[in-house]
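1. Predicted structure and sequence below. I'll ask about it afterward.
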Amino acid sequence: MRTRAAVPDDAAAIARIYNEGIEDRVATFDTEPRSAKDILGWIDSSFPLVVAEDRGEVAAWAVAHPYSAREVYAGVGDYSVYVARERRGRGLGRAAVAALIADCEERGYWKLVGRIFPRNDASLALARSLGFRQVGVYRRHGKLDGEWLDCVIVELLLGESEE
């Protein structure tokens, strides 16, 4: 297993893994599949996006989208992580998020935040294992397939904000 920054050739694999997450309905409110072209837009935007490879194939990825367009939040990233269905439970998500954290710290980010469905035990455990703390719950944050879902809010302080 190795981690690295995503490159344009990874776009199709990232889209495939993301689309599995959309189908599984445990990690995102998104319901429309993403294309490699959509992911190329993320890569071209140059925000932190890392992949974890298993046996030379992209098997997981993690990203820190901008939290807000406001300058005051320039160092806050809204993170997500997805692992290929057939490779879950092997530490690839943890490796991807750890690499994302390191990349964000190198870029001067001071915080990562995330929203996790309460039923997504694996993502909640992953966040805890990497030092994220739960700061609250958004009640009825959105509907997925007609059902109201809550989101657990997590954060991780980075760099000088940790002190």
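-> Received the coordinates, thanks.

2. What about residue 129, how many residues nearby?
-> Around residue 129 sit 11 other residues, with neighbours defined as other CB atoms under 10 Å. Using the backbone N, CA and C atoms, a C-beta is placed for each residue, glycine as well.

3. you'd agree it is up against residue 91?
-> No: applying CB atoms under 8 Å, one finds residue 129 not in contact with residue 91, separated by 10.1 Å.

4. So what's the residue count around residue 130?
-> Here the count is done by other CB under 10 Å, and residue 130 has 17 residues near it.

5. Please apply the same query to residue 15.
-> 20.

6. what does residue 157 give?
-> Around residue 157 there are 15 residues (other CB under 10 Å).

7. With residue 38 instead?
-> Summarising burial for residue 38: neighbours were counted as other CB under 10 Å, giving 14.

8. Now it: closest residue in space, sequence neighbours ignored.
-> The spatially closest residue to residue 38, leaving aside those adjacent along the chain, is residue 15, at 6.6 Å (CB to CB, 6 or more residues apart in numbering).

9. Which helix or which strand is home to the one you found?
-> Using DSSP states H and E, residue 15 sits within helix 11-24.

10. What is that helix packed up against?
-> Packed against helix 11-24, as judged by 3 or more CB pairs under 8 Å, 6 or more residues apart in numbering; DSSP states H and E, are the following elements: helix 36-45, strand 49-54, strand 57-66, strand 76-83.

11. measure residue 162 to residue 40 for me?
-> When distance is defined by CB to CB, to the nearest Å, residue 162 is 34 Å away from residue 40.

12. Compare those two (neighbour count), which wins?
-> Ranked by neighbour count (other CB under 10 Å), residue 162 and residue 40 place residue 40 first, with 16 against 11.
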